[in-house]
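# Take a look and give me a structure for this.
(chains A, B, C and D)
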Protein chains: 4
Amino acid sequence: MKKKLRVGILGATGAVGQKFIQLLAHHPWFEIVELAASERSAGKKYGEAVQWFAPTPIPKAVTDLTIKPCVPKLNCDFVFSGLDAAVAGEIESAFAEAGYPVISNSRNHRFDPDVPLLIPEVNPDHLELIQYQRYKSGFIVTNPNCAALGLLMALKPIHDRWGLEKVSVVTFQAVSGAGYPGVASLDILDNVIPFIGGEEQKVETESLKILGKLVNGEVQLASIVFSAQCNRVPVVDGHLECVSVQLKEAATETDIVNGWQTFTAESQHLQLPSAPQQPIYYFDHEKYPQPKLHRDLENGMAVSTGRLRKCPVLDYKFVVLSHNTIRGAAGCAILNAELLVQKGYLKERTI
Amino acid sequence: MKKKLRVGILGATGAVGQKFIQLLAHHPWFEIVELAASERSAGKKYGEAVQWFAPTPIPKAVTDLTIKPCVPKLNCDFVFSGLDAAVAGEIESAFAEAGYPVISNSRNHRFDPDVPLLIPEVNPDHLELIQYQRYKSGFIVTNPNCAALGLLMALKPIHDRWGLEKVSVVTFQAVSGAGYPGVASLDILDNVIPFIGGEEQKVETESLKILGKLVNGEVQLASIVFSAQCNRVPVVDGHLECVSVQLKEAATETDIVNGWQTFTAESQHLQLPSAPQQPIYYFDHEKYPQPKLHRDLENGMAVSTGRLRKCPVLDYKFVVLSHNTIRGAAGCAILNAELLVQKGYLKERTI
Amino acid sequence: MKKKLRVGILGATGAVGQKFIQLLAHHPWFEIVELAASERSAGKKYGEAVQWFAPTPIPKAVTDLTIKPCVPKLNCDFVFSGLDAAVAGEIESAFAEAGYPVISNSRNHRFDPDVPLLIPEVNPDHLELIQYQRYKSGFIVTNPNCAALGLLMALKPIHDRWGLEKVSVVTFQAVSGAGYPGVASLDILDNVIPFIGGEEQKVETESLKILGKLVNGEVQLASIVFSAQCNRVPVVDGHLECVSVQLKEAATETDIVNGWQTFTAESQHLQLPSAPQQPIYYFDHEKYPQPKLHRDLENGMAVSTGRLRKCPVLDYKFVVLSHNTIRGAAGCAILNAELLVQKGYLKERTI
Amino acid sequence: MKKKLRVGILGATGAVGQKFIQLLAHHPWFEIVELAASERSAGKKYGEAVQWFAPTPIPKAVTDLTIKPCVPKLNCDFVFSGLDAAVAGEIESAFAEAGYPVISNSRNHRFDPDVPLLIPEVNPDHLELIQYQRYKSGFIVTNPNCAALGLLMALKPIHDRWGLEKVSVVTFQAVSGAGYPGVASLDILDNVIPFIGGEEQKVETESLKILGKLVNGEVQLASIVFSAQCNRVPVVDGHLECVSVQLKEAATETDIVNGWQTFTAESQHLQLPSAPQQPIYYFDHEKYPQPKLHRDLENGMAVSTGRLRKCPVLDYKFVVLSHNTIRGAAGCAILNAELLVQKGYLKERTI
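Purely as a prediction, here's the structure:
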């Protein structure tokens, strides 16, 4: 790629926006040229407006950028959206309407029938939906909820080979999943909160679309029964999930572990810059995976599994872990954009 | 009760032993007169030998007691055992052999066919097993694993009325469940450990004995399928569990909530001193129960439930919480002893 | 006391307001009859308006009370104020103006020259200031900042006997000190924040007023040099402080420890209901005091000290701990009110 | 450097040993060829013997190395020692005696008069001591305690220009500083422990040697008064310290901040591979530095300062932060070794 695509970030001062900025700091294909945020921040230099809370300094390239309002007058080739759900729906539509490709981490358009809810390793064929979108040159592509992502990565090779009938998942979700300020320390220090608003439904429904088949330009929801129980734990980053599955066809433990360890997908074959070389790790160690030890594998883009064993109630149970703000949010959106580049959907935009 | 029964504590310096001492500090029926521990501590004053880590000072009555070795020469009416499993089996047998009633929190004798694995609210009839024990005047009574206890309290009224077919449970267990020093802070700060040695098997098997029926002096294991996934979280006290159940007969959510809220058992009817007035609380608040907020309900002896809702995979799912070192360990053993007093099994011992 | 005084709580839904409600649930002298809060909550039942986060249920007596606006039309004998500093100044003045005694935990009036900044064990004589207040029958009494309180309790017997010249203190403050939602979990999990807005100045200046002498109806600030460095740590409750002091006259370590252990004050002599029997504990154990172990001593009203030793830079250094939301906030205000009752300042109010 | 020096790690399975292995995984000058540990591990493959707890996998190059006993028969050019202090003294002497350069993180030899207690940025001239060591070709070089390191880096430019008279420091130390298993989670979750055995003395005494002047082959201890108060907090990595200093000559705040920001030393001039480009960062943000945000600056080798302001008791106070297991331990030892290479003390060893 000779020239980097020029990127705008919607919601640049929020938690997801900051993560986009971090992850794009040295990106080989994308360059941040526009930052947009709420009226409160618009007009200020980014370095002054943001309450930066990442463990690395604000990249110099964006510190002095002036924040613009979230209206489709940004001078860039496409936008990443880390907007809050309260406003993301309309703003993202407006940008797509105005001809911008919108790569969004927000939930608002995930169930639009013509919007791909995309994980490059799981359902890259769903990109075809873009052609049915109502917008002219613009379009919207979304990535799933952070708790759904790790789960679906681990389920993908299982579902492809043996078919899933039932999936029961209990999550241990990190506080960074709630954005900033997010969870109050008084609520979570020395505690577990057995509820995250809307999360269980997201996991249960998004999974069906993502594992669904594209038939005649429509996604047919997968016929799998999902049950999710979502919980917040005092962990900074990394969602761990205890999963039980019932399969349509018989598989051995060795089969499944092999399925994970040998799994690769188009994002690996295309050598997308943010794609993990090994998308799914399996650990034999009975105490693995763990958030603190494995969330950063392959720059936070790999998913870790472990403890595969028979489940007396369903067929198998296991543990899966993924980095919720990287693989499960901004990192997935960036990988989506990379796939879109290689598929010809994203290119220099001439206005 | 005119005169308090004289109690000995086996394993008095350990985590469970300390909890016995705390909980018995002002007990109306029992008085600690003997402390026994390993050879390393024997001969020392308790206040000097123990690394006390409770949030209240060492009760004055025991500070100056001289620790004795764990041999059945204690001058007391019965003993509580908080011994480590590595030594509990033999020592408890020796005490029972020598005529002491042994109320144990250790796992070693839980599956002896003639030893009650007892929760006063769940299977008080199992006390009948005592008469079949090989010992003359002594006997052993045990209480279950801390992760099994809260679960079984919540399942009891459900199983009694509608019958359980399948139970799937994922636990969020506090670090105090691992004793002292137990879990290293480097392992659990900002982390979840998805494994606790032997714990899943304990939950799955102990539940079958406790919910089993006593027929002709034998416990017939309940024919329920249990699946447990046990995890350690950075919480000090309180095991929270996400549970899914499949019932034999249909029940409504209202039925089940009523079942919990109106549940009482012999320990309540007999007004045992440590019995919670309401054994099972149900919270309507979608974020409840939580370890920090509810573990201390009724001095840590009540169990809290919440979030009852349909489960797409089984029938219902819910959350249960109990204080692992009180209700799930030393507190349950004390309640067991209180039931034994009222049933005539424990009395002044004349040597 | 035959009849309980009728109490109103200003700022009843906030963190401090909730603490007042908890601590007054079974108070022998005071009974909550009025709750007042912001317009947002006014008109609602307390149980519906509050986001209750205490580990014990909302006391039944207040659950159904209707919240009123913070205007001086409450039907009660006096008010406790847990108002946010943004509004406390004016509202408290209005209540005093209207004839209500106001026992406030807010900082706004702490430096009014005629308002006592009161710790019953430290400067009970400052109550005399009330007579100089501009209000007719109403008046305002305040208690100090939570980080100042433990420090001043520990310094009081030292200053009285040997005179303080310099005090250097570094604090380890719990998150509950920041109210609710207060500190974001993302900011404090696995972290220390070396700054708390305005806190260092409060510790440095309030100490001078509290240790000051009342001369001719005016408080002469103590001539001691204070330096404070205030930090937030991931602890739920309990402020720990590392203190170094330089004395005017020589004292031995034994002297100082004796000074602490034998210290009592008017609140003890008058046997005020919330007064700790022993206001200051000293622990010989080199690892004590600790927030988790000692914050709840004497229902959170005692202060703990430890590790007294020579300081190579000043004279002595030591550690002090106090419960920040009890002894350092609502509990101190309640103790202040109790002292005011015994001194004849608080009584049944006839309108 | 054409050929890498062959390195042995003493205490390879411990916490410090693991850190050496992590940090040396891709080192340009050093290659691990020998691992040594206690008899318990000797003879096993490293991957099987170690309880690896780092967030990155065991480097492949060492997984299959067979652990040897800690006797001076290792086939390598020099050794890093992460040995426990209980055994480090004798073993390190034996290696030096046998001709090995020993770069040690252990405390045992830190006060040997002829052993450099070395921080490359602070006292590189102390290397001269090596020539006075009793060993023939072998020698010992040590690095300071993890709590002393960050402090001394921050003090160095101050002491050089204005002279230090008094230093008072209160530490907030991470649990990783206690090794593994180290601090029990029950002791530190929701808690602060105001004591770390031997730590205060180490900070107070090591500082005097490191800031001391080398005169006629002897280190003359600096004549500065140090007072340290050391505390453990629930943080994984990163020691934060609140410091007050009294200077011999007057300096402005700008002077001191400039002193920090422009500070470089021989390790920077020689471009040692592990040397931070900027050894000391100063943050204007009043809430900085923080362990979670800044411990990893420059791969954990930089030190962060902030909040410089007047101290009413001494002259100035400020906050300093450093990564305790990298900059404060294994990373400093590696930097020491790099300096030794450039100074000609470490080279290929021919036996």
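
# any idea how far C:Pro234 is from A:Leu117?
A:Leu117 is 37 Å from C:Pro234, where distance means CB to CB, to the nearest Å. C-beta: built from backbone N, CA, C; applies to glycine.

# If you count surrounding residues, which of the two has more?
A direct count of neighbours by other CB atoms under 10 Å in any protein chain shown for A:Leu117 and C:Pro234 places C:Pro234 higher, at 29 against 26.

# from memory that one sits against D:Val236, does it?
No - C:Pro234 is beyond contact range of D:Val236, at 10.9 Å (criterion: CB atoms under 8 Å).

# got any residues that touch both of those two?
C:Asp190 (CB atoms under 8 Å, 6 or more residues apart in numbering or on different chains).

# Contacts (any at all) between chain C and stretch A:158-175?
Yes - counting by CB under 8 Å from any CB of the partner chain, contacts between stretch A:158-175 and chain C involve A:Val175.

# Give the buried residues for that stretch.
By neighbour count on 16 or more other CB atoms under 10 Å in any protein chain shown, the buried set for stretch A:158-175 is A:158-159, A:162, A:164-175.

# Look at the residue nearest to A:Pro69 when sequence neighbours are not counted and tell me its secondary structure.
The shortest distance from A:Pro69 to any non-neighbouring residue, by CB to CB, 6 or more residues apart in numbering or on different chains, is to A:Ala42 (4.4 Å). Secondary structure of A:Ala42, reduced to three states by DSSP: H, G, I helix; E, B strand; the rest coil: coil.

# Can you give me the distance of A:Gly197 to chain D?
26 Å (CB to the nearest CB, to the nearest Å).

# hmm, back to that, in this structure the residue nearest to A:Pro69 contacts A:Lys68, no?
Yes - here A:Ala42 reaches A:Lys68: they are 5.9 Å apart, a contact under CB under 8 Å.

# Between those two, which is the more surrounded one?
A:Lys68 (19 against 16).

# Name the residues linked to the closest residue in space to that one that isn't next to it in sequence by a beta bridge.
Leaving aside its chain neighbours, A:Lys68 sits nearest to A:Ala36 (4.8 Å; criterion: CB to CB, 6+ apart). On the basis of DSSP bridges, A:Ala36 is bridged to A:Leu10, A:Lys68.

# Also A:Ser322?
Beta-bridge partners, per DSSP bridges, of A:Ser322: A:His239.

# tell me the contacts of it?
A:Cys146, A:Leu149, A:Gly150, A:Met153, A:Gly238, A:His239, A:Arg295, A:Val303, A:Ser304, A:Gly328.

# Okay, strands next: where are they in the stretch 101-250 of chain A?
A:101-104, A:139-142, A:164-172, A:213-215, A:218-220, A:225-229, A:239-247 (DSSP state E, counting those that start in this stretch).

# I'd like the mean pLDDT over the last one, please.
In this case it means strand A:239-247. Per-residue pLDDT over strand A:239-247 has a mean of 98.

# Specify the next element, helix or strand, located C-terminal of that strand.
helix A:253-261 (DSSP states H and E).

# Listing request: residues of the stretch 51-200 of chain A with sub-threshold pLDDT.
Along the stretch 51-200 of chain A, no part satisfies pLDDT under 70.

# could you redo the last one with a cut-off of 90?
A:51-57, A:136-137 (pLDDT under 90).

# show me the residues around the closest residue to chain C within the stretch 201-350 of chain A that make contact.
As assessed by CB to the nearest CB, chain C sits closest to A:Val236 within the stretch 201-350 of chain A, at 5.3 Å. Residues near A:Val236 by CB under 8 Å, 6+ apart: A:Ala174, A:Val175, A:Ser176, B:Asp190, C:Leu186, C:Leu189, C:Asp190, D:Lys292.

# Show me chain A divided up by domain.
Using automatic domain parsing, the domain ranges for chain A come out as A:5-145+A:330-342, A:146-322.

# Make JSON lines from these and add distance to B:Ser274 to it.
Formatted as JSON lines, those follow (distance: least, CB to CB, whole Å):
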{"stretch": "domain A:5-145+A:330-342", "distance to B:Ser274": "44"}
{"stretch": "domain A:146-322", "distance to B:Ser274": "25"}
